[in-house]
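Asks: Okay, here's the prediction I keep looking at, along with the sequence it came from:
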Amino acid sequence: MTELPAFLDSTRPQVPDLSVPRGVTPFYLPERPVRGRLVRLGPLGATLLSRHQHPAPVRALLGQALALAAGLSTALKFKGSFSIQIRGDGPVPMLVVDCTEAGALRGYVRVEAGAEIPPEATARQLFGNGYIAFTVDQGLDKDPSQGIVAIEGESLTEMAEYYFSTSEQLPARIFLAAAEGEGGWRASALVMERVAGAGGVGPEISAGEQEEAWRTACILAETVTQEELLDDALSPERLLYRLFHGEGVAVSKPRALSFGCRCSRQRLGGILEGFNQEDLDHMAVEGQIVMTCEFCNFDFCFARADVAGRPPQTDLGAPE
């Protein structure tokens, strides 16, 4: 039992205070219609993917989604959170990842109890049929901005690229990787977007030149390997130079990523206070209510006697 009531207790669980200063490296090709971000989660990937004991294909999928969220969110100007949510009818019916404007990253994936996950399962085999949603949530005073498409393709890369190809977004190429190595789990993303003209850097070029420059950049990016994306010893600058040195690649200021679970006793206690007393009694086991944060997999225990809940509704009877 805590000394403060739940609605005043803002303490958080003992989760890692981990930040990767160079988690996202923005880059561009001068005088070319190409902008992008190289995401390297580094040890943050191992920390995020070790919160739950999922099969390797599921962890790899979650790692790719986390890197993708970091890569897409850092291209936007917003205050709040950018999230990717995937729901399907397969053995992995739900995946949620989000990243704040400050780079706080978290993720959760649900696996059906008893589901058999083949070692080489693809994202499509895990999700089945369903949808993928990209959402920017800037708080209560603004309506969320959301794009939703059906799940198409075998890999998460193909699913994300399908969204870009069917929406009004800029053309994009995406490369994702996640695997366990000697240093633990790692995850990475290379996200590349086509912009208008020369992207504000250098003289404007013709439509034909823009198309050819974009095609060339895509061909060069396709040579990247999973080993290169996940290699901690290969710096982002060196990898980008290896891929695009013939195009004169330039990098911008790196952005940090951090362990971003935002749970607290105060937040979860507020949720409990919204239940009626009968529901709270059903939740309690030996006088305790346990709420688990699915993102960081931490159990918060509340004494049933400390949670008031909604007062019972008064039956006013039938009108006369």
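Replies: It's in.
Asks: Look at stretch 86-94 and report the distance between its end residues.
Replies: 6 Å (Cα to Cα, to the nearest Å).
Asks: got the buried residues for that stretch?
Replies: Within stretch 86-94, the residues scored as buried using 16 or more other Cβ atoms under 10 Å are 86, 87, 88, 90, 91, 92, 93, 94. Using the backbone N, CA and C atoms, a C-beta is placed for each residue, glycine as well.
Asks: Specify the beta-bridge partners of the first one.
Replies: When you say that, I think you mean residue 86. For residue 86, the beta-bridge partners are residue 95, residue 132 (DSSP bridges).
Asks: which ones are touching it?
Replies: Contacts for residue 86 (Cβ atoms under 8 Å, 6 or more residues apart in numbering) come out as 65, 94, 95, 96, 127, 130, 131, 132, 133, 151, 159.
Asks: How about the secondary structure of the residue nearest the centre of the chain?
Replies: In the chain, the residue lying closest to the centroid (Cα atoms, centre = their mean) is residue 97, at 3.1 Å. Of the three states, residue 97 takes strand according to DSSP: H, G, I helix; E, B strand; the rest coil.
Asks: okay but it is in contact with residue 64, surely?
Replies: No. Residue 97 is not in contact with residue 64 according to Cβ atoms under 8 Å; the separation is 9.6 Å.
Asks: At which residues are the helices of the stretch 151-300 of the chain located?
Replies: Assigned by DSSP state H, counting those that start in this stretch, the stretch 151-300 of the chain shows helices spanning 156-166, 207-221, 226-230, 236-244, 265-273, 277-283.
Asks: What ranges does the stretch 1-150 of the chain have for its strands?
Replies: For the stretch 1-150 of the chain, the strands defined by DSSP state E, counting those that start in this stretch cover 19-29, 34-40, 81-88, 94-100, 104-110, 130-137, 145-150.
Asks: how about the CA coordinates for the longest one, as CSV?
Replies: Written as CSV, here are the backbone C-alpha positions of strand 19-29 (Å, rounded to 0.1, in the frame of the first residue of the first chain):
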residue,chain,number,x,y,z
SER,A,19,18.6,7.1,-24.3
VAL,A,20,20.4,6.7,-27.6
PRO,A,21,21.8,10.2,-28.6
ARG,A,22,22.2,9.3,-32.2
GLY,A,23,19.1,7.2,-32.7
VAL,A,24,18.0,8.9,-35.9
THR,A,25,20.3,10.4,-38.5
PRO,A,26,18.5,12.6,-41.1
PHE,A,27,20.1,12.9,-44.5
TYR,A,28,19.6,14.3,-47.9
LEU,A,29,21.0,14.2,-51.4
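Asks: Could you list the buried residues of that strand?
Replies: For strand 19-29, a neighbour-count test (16+ other Cβ under 10 Å) marks 20, 22, 23, 24, 25, 26, 27, 28, 29 as buried.
Asks: Quick one: the residues you listed as TSV, columns for pLDDT and distance to residue 139 too.
Replies: Below are the buried residues of strand 19-29 laid out as TSV (pLDDT from 0 to 100; distance: Cβ to Cβ, whole Å):
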residue	pLDDT	distance to residue 139
20	92	26
22	94	29
23	96	24
24	97	23
25	98	29
26	97	25
27	97	31
28	96	31
29	95	35
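Asks: Max pairwise distance over those residues: which two?
Replies: 20 and 29 (24.9 Å; Cβ to Cβ).
Asks: for the closest residue to residue 25 other than its chain neighbours, what are its contacts?
Replies: Nearest residue to residue 25, sequence neighbours excluded (Cβ to Cβ, 6 or more residues apart in numbering): residue 236, at 3.9 Å. Counting by Cβ under 8 Å, 6+ apart, residue 236 touches 22, 25, 38, 40, 251, 254.
Asks: Make TSV out of the buried residues of stretch 86-94 and add distance to residue 262 and pLDDT.
Replies: Output for those, formatted as TSV (distance: Cβ to Cβ, whole Å; pLDDT from 0 to 100):
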residue	distance to residue 262	pLDDT
86	21	97
87	22	97
88	26	97
90	28	96
91	28	97
92	24	97
93	24	97
94	19	96
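Asks: What pLDDT is listed against residue 299?
Replies: Residue 299 is assigned 68 on the pLDDT scale.
Asks: hmm, I was thinking of residue 168
Replies: 66.
Asks: do the same with residue 201
Replies: 53.
Asks: can you offset everything so residue one is 59?
Replies: With 59 as the first residue, the last one maps to residue 259.
Asks: any weak-confidence spans in this protein?
Replies: 59-75, 226-227, 255-262, 321-322, 351, 355, 357, 370-378 (pLDDT under 70).
Asks: Scan this protein for its longest helix.
Replies: If you go by DSSP state H, the chain has its longest helix at helix 114-131.
Asks: mind exporting that helix as CSV, just the C-alpha atoms?
Replies: C-alpha atoms of helix 114-131 as CSV (Å, rounded to 0.1, in the frame of the first residue of the first chain):
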residue,chain,number,x,y,z
ALA,A,114,11.9,-14.5,-32.2
PRO,A,115,9.8,-13.7,-35.3
VAL,A,116,7.4,-11.7,-33.1
ARG,A,117,10.2,-9.8,-31.5
ALA,A,118,11.8,-9.1,-34.9
LEU,A,119,8.4,-7.8,-36.2
LEU,A,120,8.0,-5.5,-33.1
GLY,A,121,11.6,-4.3,-33.6
GLN,A,122,11.0,-3.4,-37.2
ALA,A,123,7.8,-1.5,-36.2
LEU,A,124,9.6,0.5,-33.5
ALA,A,125,12.3,1.5,-36.0
LEU,A,126,9.7,2.4,-38.6
ALA,A,127,7.8,4.6,-36.1
ALA,A,128,11.0,6.4,-35.2
GLY,A,129,11.8,6.9,-38.8
LEU,A,130,8.4,8.2,-39.8
SER,A,131,7.7,10.4,-36.8
